[in-house]
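Engineer: Following is a predicted model, sequence given first.
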Amino acid sequence: MARAAFVWTSDGALRASPIPEGGARIGRGAEVEIRVDAQTVSRVQASVGLEGDHFVIENVSTTNPTKLNGVVVERRVPLSDGDEVQAGSLALIFHDLAAADRLSGPMCSHCSRENLATDTDCWYCGTSLVNAPTTILQRREVACRLVSAMGEHHDLLTDESLTVDDGGAPMVVRAGTDLPAGQPAIQVRNMEPRLVEAGDTLRVNGESASADQRLATGDRVDMGKASLLVIARVDPSA
Ligand SMILES: [Zn+2]
């Protein structure tokens, strides 16, 4: 399990590295766990790890300051989802999937499907949820985040999917809803993001892909007009 990752741009392409909860060092040296290819970064630049419920970062370099959202890191400081860590000319975006976990909400009185705590009308059938019997709120973990080069992202819970609409733009499809036939899609099953309906228009890391292929953190998926970088909470390699 790696609920967090750093994303950065190198040679014009997005890269991602999972952040082990046990901690990791960031730098350009061979000895670090999160290795970045940037000459302006120290061999060992900073260290990061989980402390209690949140990740913290600490500067390690004696010659090169580490900054968090533009402020020099003087001591150990907490990281929040979306924060930017800077060193030299490098900018790393911190992603914490746990920050996007959602609470399940009321069961629809009309179609009996579970909605999210923030829904006011049933997402599936449109029935108002105002008088719906409230169910026990349960935490639903984000299993996968898909990041675009523009910095937008889509979070998927288990059984949710991401496909592209007729205009080629990414579109999230909730659990229990049919996917558009024949369209490429990524679907999360048992916390694992996989391809469904790969087809000719879908490529993973620049190569043609097969249906049911499992995705890992750092994979780049091209479908429709979207180019998306994968952050998976459960990594095949872990
Ligand atoms: Zn409904």
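Structural biologist: Perfect, thanks for sending it.

Engineer: so what's Cys102 up against?
Structural biologist: Careful, residue 102 is Arg; it's not Cys. Arg102 makes contact with 116-118, 139-140, 142, 157 under the criterion Cβ atoms under 8 Å, 6 or more residues apart in numbering. In short, each C-beta sits where N, CA and C put it, glycine included.

Engineer: low-scoring stretches of this protein, by residue?
Structural biologist: 136, 198, 237-238 (pLDDT under 70).

Engineer: Contact residues of it facing the ion?
Structural biologist: Residues of the chain lying close to the ion by Cβ under 5 Å from the ion are 108, 110-111, 122, 124-125, 127.

Engineer: can you do 8 Å?
Structural biologist: Within reach of the ion by Cβ under 8 Å from the ion, the chain has these residues: 108-113, 115, 122-127.

Engineer: For those, give me JSON lines that also has neighbour count, secondary structure and distance to Arg35.
Structural biologist: Listed next are the residues of the chain next to the ion as JSON lines, based on neighbours: other Cβ atoms under 10 Å; DSSP: H, G, I helix; E, B strand; the rest coil; distance: Cβ to Cβ, whole Å:
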{"residue": "Cys108", "neighbour count": "22", "secondary structure": "coil", "distance to Arg35": "48"}
{"residue": "Ser109", "neighbour count": "13", "secondary structure": "coil", "distance to Arg35": "53"}
{"residue": "His110", "neighbour count": "13", "secondary structure": "coil", "distance to Arg35": "53"}
{"residue": "Cys111", "neighbour count": "14", "secondary structure": "coil", "distance to Arg35": "49"}
{"residue": "Ser112", "neighbour count": "10", "secondary structure": "coil", "distance to Arg35": "49"}
{"residue": "Arg113", "neighbour count": "16", "secondary structure": "coil", "distance to Arg35": "45"}
{"residue": "Asn115", "neighbour count": "22", "secondary structure": "strand", "distance to Arg35": "42"}
{"residue": "Cys122", "neighbour count": "21", "secondary structure": "coil", "distance to Arg35": "47"}
{"residue": "Trp123", "neighbour count": "17", "secondary structure": "coil", "distance to Arg35": "41"}
{"residue": "Tyr124", "neighbour count": "18", "secondary structure": "coil", "distance to Arg35": "45"}
{"residue": "Cys125", "neighbour count": "11", "secondary structure": "coil", "distance to Arg35": "49"}
{"residue": "Gly126", "neighbour count": "10", "secondary structure": "coil", "distance to Arg35": "49"}
{"residue": "Thr127", "neighbour count": "16", "secondary structure": "coil", "distance to Arg35": "51"}
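
Engineer: With that, I have no additional questions.
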